[in-house]
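Q: can't give you the sequence, but here's the structure:
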Ligand SMILES: *Cc1c(COP(=O)(O)O)cnc(C)c1O
């Protein structure tokens, strides 16, 4: 399997080459040259598999430069009951007639990013050892990504993590999760500023090519193909739990921000998984809903990017969206390059009114949006009617799923985080504290390892330089 860039760069790469890279050299995103096709007999064979076996089967269609025995072992040690809380790993539960919740948030940081990041941690350690190299991951987080990366990389050989976050702006639980880690290869840098300042610092460091090379700086952001392909697995696992035969279809509603999660659903569908609809649920930052309703993709300035109570979906542009547009335009890389480089660069928007009809018909895409008031009402409603407490992002999904539901097709909402991560909004909705899973008692009181520093690129660089050997 070879990988190409959505912007038409002539190089073709293998999986392990793109594993440690971010963007393609021309600024595009990596995609496989073709999507492997899964036939009826294969689906039937996969139905009975344990999650780690299913992960191996799917990943081995995309990864041919890791020996099968090694890849199998990596999948086995990633997807365990000890790490993800249940033998099913992503258990499905019925919420109401025709609507199900697929739990993706029982991993170490209680959000769905663990599903991919835990695998990435093992893949990085494996590949770096094979090359005899090391890597220093520099990232910016407003919450879920940073903690998922740290829990995946903690204690891994050959990897160090330097994670910037806006000082005092994450929820107390999220701060406790990250800052209580005691592993020597994890470094928390609390920046006196907002999330954008953290992102600007990461960009500035990455643009200093000499520094980047000298200190072997890498990233783990959501455009990484390995993260995306790991997420394809739970679409299959959800389908198998909701159906008894391959003649049945299901739909998915996905709380969406950077379009990484739902893009994995698109890939699963392209492989032949019988998906009827893929519904993107957004919050007040409705870049994606606007596109699927009108055909206009319009990135937002920071003044138009809102801080909401589903903060992990607060995006100004959807960084994985280019992958889907590439398929939508029949893989016309020249056109993708024109839209994402020239049109977005010059006008901050582009229009695809005819293509968006195809997105709905051919690829089953739909969308909807949810507000703070909708979120509170949905959390309240599911608690009062079903005693099921859902988090704010999942609530956006449930709200939109109910609007988009077809009575004949099971609708699976991806549960992307647990309520404990966003306790303030749960208290606002229900006037009670969210349930705290075992093992998280009192984490706010544990000793914290964090360095507070001003939003200053040179100080961050100096810190990195003095903590690398
Ligand atoms: C990251 C995140 C999302 C958004 O996922 P994308 O892949 O960026 O679309 C939704 N919910 C939660 C809880 C998240 O952490």
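A: Cool, got the structure. None of these values were measured; they are calculated from a predicted model.
Q: State the three-state secondary structure for residue 247.
A: Secondary structure, DSSP: H, G, I helix; E, B strand; the rest coil: residue 247 is coil.
Q: The ligand contacts on the protein?
A: Taking Cβ under 6 Å from any ligand atom as the measure of proximity, the chain contacts the ligand at 111, 113, 144, 222, 255-261, 312-313, 393, 416-417. (Each C-beta comes from the backbone N, C-alpha and C, glycine too.)
Q: so after the helix or strand where residue 239 lies, what's the next helix or strand?
A: Residue 239 is located in helix 225-242, with elements delineated by DSSP states H and E. Where DSSP H and E defines the elements, the next helix or strand beyond helix 225-242 is strand 250-255.
Q: Start and end of stretch 244-259, how far apart?
A: Separation of the first and last residues of stretch 244-259 by Cα to Cα, to the nearest Å is 29 Å.
Q: Need the contact partners of stretch 224-233.
A: Identification of contacts with stretch 224-233 by Cβ atoms under 8 Å, 6 or more residues apart in numbering yields 3, 15, 18-19, 22, 29-31, 51, 54-55, 58-59, 62, 115-117, 119-120, 123, 220, 222, 260-261, 263-264, 267-268, 271, 320, 323.
Q: Contact partners for the nearest residue to residue 218 once chain neighbours are set aside?
A: With sequence-adjacent residues excluded and distances taken as Cβ to Cβ, 6 or more residues apart in numbering, residue 218 is closest to residue 135, at 4.6 Å. Going by Cβ under 8 Å, 6+ apart, residue 135 touches 20, 124, 128, 158, 159, 160, 216, 218.
Q: Which secondary structure elements does the one helix or strand residue 41 maps to sit against?
A: Using DSSP H and E, residue 41 maps to helix 40-47. In terms of contacts (3 or more Cβ pairs under 8 Å, 6 or more residues apart in numbering; DSSP states H and E), helix 40-47 is packed against helix 225-242.
Q: what comes up buried for stretch 36-51?
A: 38, 42, 43, 46, 47, 51 (16 or more other Cβ atoms under 10 Å).
Q: Report the secondary structure state of the closest residue to the first one other than its chain neighbours.
A: The shortest distance from residue 38 to any non-neighbouring residue, by Cβ to Cβ, 6+ apart, is to residue 272 (4.5 Å). Under the three-state scheme (three-state DSSP), the conformation of residue 272 reads as coil.
Q: and residue 272, how many neighbours does it have?
A: Using other Cβ atoms under 10 Å, residue 272 is surrounded by 16 other residues.
Q: Give me the residues contacting the host helix or strand of residue 58.
A: For residue 58, the element it lies in under DSSP H and E is helix 51-60. With Cβ under 8 Å, 6+ apart as the test, helix 51-60 has contacts from 46, 49, 68, 71-72, 75-76, 78-80, 88-90, 119, 229-230, 232-233, 236-237.
Q: Please repeat the previous calculation with a cut-off of 7 Å.
A: 46, 49, 68, 71-72, 75-76, 78-79, 88-90, 229, 232-233, 236-237 (Cβ atoms under 7 Å, 6 or more residues apart in numbering).
Q: Stretch 194-209 too?
A: 138-140, 142, 164-166, 169, 191, 211-212, 217, 302, 455, 457, 460-461.
Q: Equivalent analysis for stretch 176-192, please.
A: 109, 146-147, 150, 153-155, 159-167, 197-198, 201, 443-444, 446-455, 460, 463, 467.
Q: mind redoing it with 6 Å?
A: Under the criterion Cβ atoms under 6 Å, 6 or more residues apart in numbering, residues 109, 147, 150, 154-155, 160-165, 167, 197-198, 443-444, 446, 448-452, 454-455 lie in contact with stretch 176-192.
Q: Which residue comes closest to residue 13 once chain neighbours are left out?
A: Nearest to residue 13 is residue 3, by Cβ to Cβ, 6+ apart, at 4.9 Å.
Q: Around the one you found, count how many other residues there are.
A: Using other Cβ under 10 Å, residue 3 has 20 other residues around it.
Q: Kindly check the end-to-end length of stretch 45-57 for me.
A: Stretch 45-57 end-to-end distance (Cα to Cα) = 10 Å.
Q: Quick one: mean pLDDT for it?
A: Taken as a whole, stretch 45-57 carries a mean pLDDT of 98.
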